[in-house]
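In: Please work out how this folds:
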Amino acid sequence: MTPLEVQVRAGVPGTGVYQLEDGRYAYPTMTTDVVKLLKSHGFTVTYDHERQERVLVSHNAADAWLPVLVFAQSVLANIPANIISTIIMQYFGEMAFKKTNLHVKFAVTAPDGSEKNFEAHGPGQEVVEAINAFQRSHGSRG
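Out: Numbers count the residues shown, from 1 in each chain. Next up is the predicted model:
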């Protein structure tokens, strides 16, 4: 993966839903919108599964599930957390995200193949604060 490449993994954060009985892989309904936002920020996006193997699923309308994203770590290690926060703000608006229960899961893959994982569920403001804390505690040391 290049520093501006994101892989979208199957699964709906916090639900345990990964693959449906018909064999297709579950992705949150927000996936298409999030991918468009990632691309608008210069990211190349790939998926774990081919289009015909994927299905968009939704749950409680009061909650929002972001797709599971995997970023390559780079010198610009704060990009993953920053872009997730930016996407949340752009998708919901500066104030509306605070009223939404968010379900977020992402990982940052180091050059050695190890991953630093983040997952949070709850009120939007708390999830964004947790993303920012993750960024501060897991940023690149160079």
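
In: contacting residues for His41?
Out: Residues near His41 by CB atoms under 8 Å, 6 or more residues apart in numbering: Ile83, Thr86. Placement of C-beta: from N, CA and C, glycine included.

In: whoops, Val6 was the one
Out: Taking CB under 8 Å, 6+ apart as the criterion, Val6 is in contact with Leu38, Phe43, Thr44, Val45, Thr46, Leu69, Val70, Phe71.

In: Can you show me the CA trace of the helix or strand harbouring it as PDB?
Out: Per DSSP states H and E: Val6 is located in strand 5-9. Extracted C-alpha coordinates of strand 5-9, given in PDB (Å, rounded to 0.1, in the frame of the first residue of the first chain):
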ATOM      1  CA  GLU A   5      -4.000   4.200  -0.400                       C
ATOM      2  CA  VAL A   6      -6.900   3.000   1.700                       C
ATOM      3  CA  GLN A   7      -8.300  -0.500   1.800                       C
ATOM      4  CA  VAL A   8     -11.900  -0.900   2.600                       C
ATOM      5  CA  ARG A   9     -12.500  -4.100   4.500                       C
END
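
In: Can you give the strand pairings for that strand, parallel or anti for each?
Out: Using DSSP bridges, strand 5-9 pairs in its sheet with strand 44-47 (parallel), strand 68-72 (antiparallel).
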